[in-house]
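Novice: from the sequence below, what's the structure:
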Amino acid sequence: MTNFTNELSSLKETHLAEPLIKPKISENTSEPVRHPSHISKYNHQFSRYKRFLLKSPPPRLDANGSEELADAPMDILAASTVITKDVLEFFSKLFTRLYHSRFFKVLVSTTQPAHVIALVSVLVVATILVPSSSSQTSHNSHAHLRPHPFTRFSYLCAFSLHIGSQFWMTFMSGLSLYFSLPRHAFGEVQKVLFPKYFTLNSVLSMIILVQFIRVHPLWDLYTYLQVGTLSLCFLLELLIRLYIVPPVIHLITVKTELESAAGVGQEIGRYKLGQLIHCPHYMKLHHTFRKLHFITAMGNIMTISCSAFHLHYIAINML
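Specialist: From the prediction side, this is the model:
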């Protein structure tokens, strides 16, 4: 037992006396860093395929015939990210140039373009609602023909997007943000969403109206009801976008400045005007804003009703 203990102690002393062997990190290895594509033949073929898609030059090879890492092409995700960034920057610069142009200033700073757009839209809808005798004869002669699949696709796609945006903006986005954000933050969000919402819906309503007429060349009483409903929906959304949304956005901006100066507007899900309730100028702006906002809300509810009525028509004809 004593001999075993002595041998163990001598082994420990020998181990402690030996110097530790440290790796030489500073030495340069002669073997270059390999690209992962040399692992298998499949990966090498896939690398060539990616290079063909991205139209990148063939990589340089080292002395051993392996692909150098520095010359390896980007993967598909990285390349698509770069391409998307370039495309977005291009359209952003194009929009900035258009925004500072004289044409855009005349278009958004005066009411004449809005009047022209409204007049043209009313004339188009009137032409659709009161077709001529020649167009009726043409419709009756082509009543047995099935519409093109793209016509039906664009009609159903536009209607789906339209009713989906109405549901999301009215029942999800609006209520959720109002009861989750401070009132001023909610107002800033609405200033961005209101123009886009009514612009998108008016364009979709016009597409639905035109494609519905192409899908239903033979008109009867139910077709007239649907055309009238879709026309009402389109005109409501267009008129709200042209005549109601701009003053609402302006009033939101003015009210936010006055409320920020008075130290109110950070409450969530409620109104607390504080001392501004005794300011005649602010209360006049506030009443005007509430009236225009009420008109916008009622118009939006009417357009949702029109969409629900048309959805009922689609459901009946599918059965």
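Novice: phi and psi next, for Leu273.
Specialist: Main-chain dihedrals, Leu273, degrees, to the nearest 10: phi -80, psi -20.
Novice: where's it relative to Pro280, distance?
Specialist: As judged by Cβ to Cβ, to the nearest Å, Leu273 and Pro280 stand 13 Å apart. No exception for glycine: its C-beta is placed from N, CA and C like everyone else's.
Novice: just Leu161 next, same as before
Specialist: Separation of Leu161 from Pro280 (Cβ to Cβ) stands at 44 Å.
Novice: and the two? Which one has more around it.
Specialist: Under the criterion of other Cβ atoms under 10 Å, the comparison of Leu161 against Pro280 puts Leu161 first, with 16 against 7.
Novice: any idea what sits nearest the more buried one, other than its immediate chain neighbours?
Specialist: Of all residues not flanking Leu161 in the chain, Leu204 sits nearest, at 5.7 Å (Cβ to Cβ, 6 or more residues apart in numbering).
Novice: show me the contacts for that neighbour.
Specialist: 158-159, 161-162, 165 (Cβ atoms under 8 Å, 6 or more residues apart in numbering).
Novice: where does pLDDT dip in the stretch 201-319 of the chain?
Specialist: 318-319 (pLDDT under 70).
Novice: mind giving me the domain split of this protein?
Specialist: Using automatic domain parsing, the domains assigned to the chain come out as 36-83, 116-318.
Novice: pick the most buried one from those.
Specialist: domain 116-318 (a mean of 15; mean count of other Cβ atoms under 10 Å).
Novice: report the longest helix in the protein, please.
Specialist: The longest helix of the chain (DSSP state H) is helix 280-318.
Novice: what about the helices in this structure?
Specialist: Assigned by DSSP H, the chain shows helices spanning 2-17, 41-54, 76-99, 102-109, 112-129, 133-141, 149-167, 174-178, 183-215, 221-239, 245-262, 280-318.
Novice: isn't Arg152 up against Val215?
Specialist: Yes - Arg152 lies in contact with Val215 (Cβ atoms under 8 Å); the separation is 6.0 Å.
Novice: contact partners for the closest residue in space to Ile295 that isn't next to it in sequence?
Specialist: Distances taken as Cβ to Cβ, 6+ apart put Ile244 closest to Ile295, at 6.0 Å, once the chain neighbours are dropped. Going by Cβ under 8 Å, 6+ apart, Ile244 touches 292, 295-296, 299.
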